[in-house]
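Participant: need a structure here:
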Amino acid sequence: MKRLDIDYAIRQHNQWRRQFLNAFAGGDYADMPLSEHRCCTLELALSREVAEGNKSVLAALLAADRHFHALANEIIDLSNNGLGDSADLLLPDLNEAAHRLIAHLDDARAVCDSK
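Facilitator: Numbering: from 1, shown residues only. Here you go, the predicted model:
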């Protein structure tokens, strides 16, 4: 497996989380580009290892990453369809998903550092 830069992945996901929170600050969707999270390469880096049955820690990380991005995509879709209020209701879930993802990234340090 290609070595993951855990600290970079944490910074990226924190940045994306903050972008979403800032875009909806005050309850109004700000016209901000929120699709940057779609350039995440974590899933690509982890999918093969997980498919081969390697490391349950990586499988949990992959699931957390997919959940974070699914929520982010849902927020974007809702806001693009004029449902900013509904999108706003998902921000606490996105915030929690980001924190869980970062915890899984920390757990994966030992696995990634051993490679």
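Participant: mind checking how far the helix or strand L58 falls within is from the chain centre?
Facilitator: Take DSSP states H and E as the rule and L58 turns out to sit in helix 56-80. Offset of helix 56-80 from its chain centre (C-alpha atoms, centre = their mean, to the nearest Å): 5 Å.
Participant: which strands and helices sit next to it?
Facilitator: If contacts are counted by 3 or more C-beta pairs under 8 Å, 6 or more residues apart in numbering; DSSP states H and E, helix 56-80 sits against helix 6-23, helix 42-51, helix 84-89, helix 91-113. Placement of C-beta: from N, CA and C, glycine included.
Participant: Just the buried positions in the lowest-mean-pLDDT helix or strand in the chain, please.
Facilitator: The helix or strand of the chain with the poorest confidence is helix 42-51; it has a mean of 84 (mean pLDDT, DSSP states H and E). Neighbour counts over helix 42-51 (16 or more other C-beta atoms under 10 Å) mark 42, 45-46, 49-50 as buried.
Participant: Which single one of these is nearest to D65?
Facilitator: L42 (4.8 Å; C-beta to C-beta).
Participant: so how far is L78 from the closest one?
Facilitator: Distance, L42 to L78, using C-beta to C-beta, to the nearest Å: 24 Å.
Participant: Also R18?
Facilitator: 19 Å.
Participant: Among those two, which residue is more densely surrounded?
Facilitator: Neighbour count, other C-beta atoms under 10 Å: between R18 and L78, L78 has more, with 18 against 12.
Participant: and that one, how far is that from A72?
Facilitator: Distance from L78 to A72, by C-beta to C-beta: 11 Å.
Participant: Likewise for L4?
Facilitator: Taking C-beta to C-beta, one finds L4 at 20 Å from A72.
Participant: per-residue confidence for the most centrally placed residue in the chain?
Facilitator: Of all residues in the chain, the one closest to the mean position by C-alpha atoms, centre = their mean is F68, 3.8 Å from it. For F68, the pLDDT comes out at 96.
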